[in-house]
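**Student:** Quick one: sequence and predicted model below, then my questions.
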Amino acid sequence: MSFASQNFSQEIVRALDECGYEKLTPIQQQAIPHARRGNDILANAQTGTGKTAAFSLPIIQQILDKPKAASRFNIRALILAPTRELAAQIAKNIEDYTKYTDIKVAAIYGGTKMGTQEKKLEQGLDILVATPGRLLEHMELSNVSLANLEFLVFDEADRMLDMGFISDIRLIMGDVRSQPQTMLFSATTSSQMNKLASEILRKPKRISASTENATADTVAHVVYPVDEDRKRELLSELIGKKNWQQVLVFVNYKETANELVKELKLDGIKAVLCHGDKAQSARRRALDEFKEGKARVMVATEVAARGLDIQGLPHVVNYDMPFLAEDYVHRIGRTGRAGMQGHAVSFVSREEELTLVQIEKLIKQRIRRIQLAGYEPKSRDALLEKMHSKPAFKDRRGRTNNPTAQSDAERRARLRRAVLNKSRITKLKK
């Protein structure tokens, strides 16, 4: 089924041809007709299946069908995404789709100057792509109005919930005065996701282009059991012996990422970094180097699990197993995209075996184990003895709040109160 068969304008079809789009993917085939009719949508689909086109093309066409003059700080369509990378990627895709139209598109997210973003918002926009936190900051300053919103999309909604954006989402929804067509796209499902859907969607069309919480058939999964302190050596050996030329490596901590990049460079492997402490410009530079083949490895924290669209990426390595089983789905979703073959490789220490069991239960398949000679993990008894001998284990306490995360939460709470007060004042004036 071609895009021309969906009665899109000649300008859209021409742009899609130049993007190399030929046939609709399953999620596009199911979602586009419902979206064109104005239905709310609750969609479940794996990453890399063409979700951006599925929700954005119907919006673009409807905006072209009913052109309106831009008004100050007003937007017609809002697309919310959990991370900067995903927001930037969505905006870039939409800019490609609308290159032969007069539709105005912009993205706002942290790590870039508020003033530059304010100038774009002041002119009025057809489509705004935003992360929840930065959108709230602009709402507090009255830089954006949601009063006349016609379309609202939540992309990677499950990740937004994982990141604690639920209160931000409710606050943003509280500022919406219209009844926009709302679409919620997600790769995984949960009870919290279903609850959110029931709150914001009106008689939604339910679409599932894949089994819930499944991974793409184009991805081959393998696990290498290995002790934690041998992971770095194993990574270098696999890259060298198997001649991997482009590898995205996921770690759980920024400190691990920094150290791993240093060690890889000592082994003669060019590597770049992508994590939250890096400025947005530095992250973009690192991604460009990785895409262009100037760097063989990109080491990233969870911040990169969503939004990275690296064409033909052959290998994703879970150097650390993710804290949440659902995040495995999103991490390995960077490979095996658009029908191409990919490889998901996970290093699993004794301490991470339970996480592996949870992941296998989630994706409903057992992952093949490969034991590489020379990297056999120590026995479980040795691990237990080591753990019990540590003072930290004897004096262990429950989890405590991360000071940085706590300060971020406080900042967002202040923003929520400010926006709420502004809304109350507006209501009183009315």
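**Tutor:** Looks like it came in fine.
**Student:** Please make it C-alpha for all contacts and neighbour counts, starting now.
**Tutor:** Fine.
**Student:** where does the stretch 151-300 of the chain have low pLDDT?
**Tutor:** Using pLDDT under 70 as the threshold, the predicted model of the stretch 151-300 of the chain has low-confidence ranges 210-216.
**Student:** Repeat the analysis, applying 90 as the threshold.
**Tutor:** Confidence mapping of the stretch 151-300 of the chain against pLDDT under 90 gives the ranges 156-167, 170, 174-175, 177, 186-199, 207-220, 254, 273-288, 291, 293.
**Student:** quick one, helices of it?
**Tutor:** 157-162, 166-174, 191-200, 231-241, 254-266, 280-291 (DSSP state H, counting those that start in this stretch).
**Student:** pretty sure Asp96 is in contact with Cys19, am I right?
**Tutor:** Yes. Assessed by Cα atoms under 8 Å, Asp96 is found in contact with Cys19 at 7.5 Å.
**Student:** Please say which of these two ends up with more neighbours.
**Tutor:** For Asp96 and Cys19, the more surrounded residue by other Cα atoms under 10 Å is Asp96, and the numbers stand at 15 against 12.
**Student:** hang on, the more buried one in a strand?
**Tutor:** No. Assignment of Asp96 by DSSP: H, G, I helix; E, B strand; the rest coil gives helix, placing it outside any strand.
**Student:** Excluding sequence neighbours, find me the nearest residue to it.
**Tutor:** Nearest-residue entry for Asp96: Ala15, 6.7 Å, with adjacent residues in sequence omitted and distances by Cα to Cα, 6 or more residues apart in numbering.
**Student:** mind checking which helix or strand that neighbour is in?
**Tutor:** According to DSSP states H and E, Ala15 maps onto helix 10-19.
**Student:** Return the distance of that helix from the chain's centre.
**Tutor:** The gap between the average C-alpha position of helix 10-19 and the chain average comes to 26 Å, counting by Cα atoms, centre = their mean, to the nearest Å.
**Student:** which residues does Tyr100 contact?
**Tutor:** The neighbours of Tyr100, taking Cα atoms under 8 Å, 6 or more residues apart in numbering as the test, are 11-12, 15.
**Student:** ok, which stretches of the stretch 1-150 of the chain are helices?
**Tutor:** Applying DSSP H, counting those that start in this stretch to the stretch 1-150 of the chain gives helices spanning 10-19, 26-36, 51-65, 84-97, 114-122, 132-140.
**Student:** Figure out which of these is closest to Lys262.
**Tutor:** Across the helices of the stretch 1-150 of the chain, the minimum distance to Lys262, taken as Cα to Cα, is reached by helix 84-97, at 23.9 Å.
**Student:** per-domain residue ranges of the chain.
**Tutor:** Residue ranges for the domains of the chain, per automatic domain parsing: 4-208, 219-379.
**Student:** how far off helix 84-97 does the helix holding Ala15 point, in degrees?
**Tutor:** 120 degrees (axes from the mean of the first three to the mean of the last three Cα atoms, to 10 degrees).
**Student:** list the helices and strands helix 10-19 packs on?
**Tutor:** When contacts are defined as 3 or more Cα pairs under 8 Å, 6 or more residues apart in numbering; DSSP states H and E, helix 10-19 packs onto helix 84-97.
**Student:** any idea of the angle the helix it packs on forms with helix 280-291?
**Tutor:** 70 degrees.
**Student:** hmm, back to that, nearest to Met193 among the helices of the stretch 1-150 of the chain would be which one?
**Tutor:** Closest to Met193 of these is helix 132-140 (Cα to Cα; 16.7 Å).
**Student:** Render the CA-only coordinates of the closest one in PDB, please.
**Tutor:** Taking C-alpha atoms only, helix 132-140 is exported to PDB below (Å, rounded to 0.1, in the frame of the first residue of the first chain):
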ATOM      1  CA  PRO A 132       7.200  18.100  29.200                       C
ATOM      2  CA  GLY A 133       9.700  20.000  31.400                       C
ATOM      3  CA  ARG A 134      10.700  22.600  28.900                       C
ATOM      4  CA  LEU A 135       7.100  23.100  27.800                       C
ATOM      5  CA  LEU A 136       6.100  23.900  31.400                       C
ATOM      6  CA  GLU A 137       8.900  26.400  31.600                       C
ATOM      7  CA  HIS A 138       7.600  28.200  28.600                       C
ATOM      8  CA  MET A 139       4.000  28.000  29.900                       C
ATOM      9  CA  GLU A 140       5.100  29.600  33.100                       C
END
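**Student:** what packs against that helix?
**Tutor:** Using 3+ Cα pairs under 8 Å, 6+ apart, helix 132-140 is in contact with helix 166-174, helix 403-429.
**Student:** tell me the angle it makes with helix 114-122.
**Tutor:** 70 degrees.
**Student:** Which of the helices and strands packed on helix 132-140 has the lowest mean pLDDT?
**Tutor:** Per-segment confidence across these bottoms out at helix 403-429, which has a mean of 56 in mean pLDDT.
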